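*Asks:* how would this look folded up:
(4 chains)
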There are 2 protein chains.
Amino acid sequence: MEPFEVPDVVVLRLPLYVRALTQLVAEETEVVSSQQLGRRLQMTPAQIRKDLSYFGRFGKQGRGYSVSFLLKELRRILGLDRQWRACVVGVGRLGRAIINYPGFAPEAFKIVAAFDSNPQQIGNTVGDLQVQGMFALSQTVQERDISIGILAVPAAQAQSVVDQLVESRVRGILNYAPVAPQAPKGTVMMNIDPVLSLQSMTYYLKNLA
Amino acid sequence: MEPFEVPDVVVLRLPLYVRALTQLVAEETEVVSSQQLGRRLQMTPAQIRKDLSYFGRFGKQGRGYSVSFLLKELRRILGLDRQWRACVVGVGRLGRAIINYPGFAPEAFKIVAAFDSNPQQIGNTVGDLQVQGMFALSQTVQERDISIGILAVPAAQAQSVVDQLVESRVRGILNYAPVAPQAPKGTVMMNIDPVLSLQSMTYYLKNLA
DNA sequence: TAATGTGAAAACCTTCACAGCT
DNA sequence: AGCTGTGAAGGTTTTCACATTA
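*Replies:* This next block holds a predicted model:
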């Protein structure tokens, strides 16, 4: 059972449920109510139930949700029941930190290639990857079945790299560059931008006691 | 002129306007309409005008907005007309990438201290900072007038570090750890979590053509 | 003429409250 | 008795559309 049109905000919350449920599995909790889950995540039970109801009926009235069942279902809904192969473009300090970060693999994301436009970088080893030149992008994306590109290049290069990724049929882009590049419909772009977060944060800090 | 209660979504968008206007200044554009700005940012002109209207009247009918004036006003509204001093906690690969990232300083954020709980790290130099032990947190926060803490520690340590930051009177926390720690009201926490972004992304990728 | 600023309308999202199931 | 799933209510955010002004 899968719906017409789920609000984006709901899709953004599903990974939070996945994370909380994963913890609960580790704690060997077998059943959880929307109330208990809500307490963990600081949200209302009604919101959790409503969010889940977009996708089906996963609970048992009077009892709650089977942790392992709900987790499995949510992972399926999000497409986390398969492995997603990603490449990193840009192997500066940020790119290296990303490649070496151990948090992606357990969550169904495997980084299988690294690229850089700087010829000095080509051939270097990062993690257990050989850095390749941008000219190799298209072919490697195909060969290694890459569907996600992680952008860790300076702002000035971001748009051009996005264009090359799209051209190479990468559909998902996680963008760390401090710009919002344009991409055609059918491409999914998520932006990670700590400066924007800090700049909103100061609005609230300034207006505190 | 400053308002009662501005929606959070609006505050989250203001930095986007700041960024676009900064570009326009660099391009030596003097006047911009909500329509032109909307085209750059992929949003409707009405939304931009409504957002700005929470804070005052910055435009000229028939003409548009003075780029430099609007930029100055927005920076003031966000509190970006002063410098904010931050510390980084955790100097692993991510912490080091953050400290060396050149994108914070031009945007009014200066990283002036680094901490790590690992005694091996204490005394090491990162960027031009000496890594300090956690025991020094409270005193250094006071001495260096630090109001923002940037968390780059493993999930397991995040809550404890947040508690220590709050205890040391740091009011803003930029959290890179893959958990959502609790903090008392009056603390402003922003989370940066690429795994959550990827996990929502796959929902859309999976449901593409 | 051209574009802002803004009430009002529309769309969207969250919360309520309860029927219904276990 | 306890908790889900869900229409309906309530609240928030976006968009519309136009009076107003440079």
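
*Asks:* by contact count, what packs against the lengthiest helix in chain A?
*Replies:* If you go by DSSP state H, chain A has its longest helix at helix A:8-26. Under the contact criterion of 3 or more CB pairs under 8 Å, 6 or more residues apart in numbering or on different chains; DSSP states H and E, helix A:8-26 touches helix A:34-41, helix A:45-53, helix A:67-78, helix B:194-206. Heads up, the C-betas are built off the backbone N, CA and C, glycines and all.

*Asks:* wait, which of the ones you listed is closest to DNA strand C?
*Replies:* Minimum separation from DNA strand C across the helices and strands packed on helix A:8-26 (CB to the nearest atom of the strand) falls at helix A:45-53, 3.9 Å.

*Asks:* Wondering if the closest one reaches DNA strand C at all.
*Replies:* Yes: Helix A:45-53 lies within reach of DNA strand C by CB under 7 Å from any atom of the strand, at A:Ala46, A:Gln47, A:Arg49, A:Lys50.

*Asks:* need the next SSE after that helix, C-terminal direction.
*Replies:* strand A:59-60 (DSSP states H and E).

*Asks:* and that following strand, how far from the chain's centre?
*Replies:* Chain-centre distance of strand A:59-60: 28 Å, with CA atoms, centre = their mean, to the nearest Å.

*Asks:* List the neighbouring strands of that strand plus their orientation.
*Replies:* strand A:64-66 (antiparallel) (DSSP bridges).

*Asks:* And stretch A:154-170, how far out from the chain middle?
*Replies:* With CA atoms, centre = their mean, you get 18 Å for stretch A:154-170.

*Asks:* Let me see the mean pLDDT of it.
*Replies:* Averaged over stretch A:154-170, pLDDT sits at 98.

*Asks:* could you dump that stretch to PDB, C-alpha only?
*Replies:* What follows is stretch A:154-170, C-alpha atoms only, in PDB (Å, rounded to 0.1, in the frame of the first residue of the first chain):
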ATOM      1  CA  PRO A 154      33.800  25.000  -3.600                       C
ATOM      2  CA  ALA A 155      30.700  27.000  -4.500                       C
ATOM      3  CA  ALA A 156      32.200  28.200  -7.800                       C
ATOM      4  CA  GLN A 157      32.400  24.600  -9.100                       C
ATOM      5  CA  ALA A 158      29.100  23.300  -7.800                       C
ATOM      6  CA  GLN A 159      26.800  24.100 -10.700                       C
ATOM      7  CA  SER A 160      29.200  22.600 -13.200                       C
ATOM      8  CA  VAL A 161      29.600  19.400 -11.200                       C
ATOM      9  CA  VAL A 162      25.900  19.100 -10.800                       C
ATOM     10  CA  ASP A 163      25.500  19.400 -14.500                       C
ATOM     11  CA  GLN A 164      28.100  16.700 -15.000                       C
ATOM     12  CA  LEU A 165      26.400  14.400 -12.500                       C
ATOM     13  CA  VAL A 166      23.000  14.900 -14.100                       C
ATOM     14  CA  GLU A 167      24.500  14.200 -17.400                       C
ATOM     15  CA  SER A 168      26.000  11.000 -16.100                       C
ATOM     16  CA  ARG A 169      22.500  10.000 -14.900                       C
ATOM     17  CA  VAL A 170      23.000  10.400 -11.200                       C
END
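
*Asks:* Buried residues, that stretch. List them.
*Replies:* A:Gln157, A:Ala158, A:Val161, A:Val162, A:Gln164, A:Leu165, A:Val166, A:Ser168, A:Val170 (16 or more other CB atoms under 10 Å in any protein chain shown).

*Asks:* Closest one to DNA strand D out of those, please.
*Replies:* Looking across the buried residues of stretch A:154-170 and measuring by CB to the nearest atom of the strand, the closest to DNA strand D is A:Val162, at 23.5 Å.

*Asks:* Wasn't that closest one part of a helix?
*Replies:* Yes: applying DSSP: H, G, I helix; E, B strand; the rest coil, one finds A:Val162 inside a helix.

*Asks:* quick one: contacts for it?
*Replies:* A:Leu151, A:Ile173, A:Asn175, A:Pro181, A:Gln182, A:Ala183, A:Met189 (CB atoms under 8 Å, 6 or more residues apart in numbering or on different chains).
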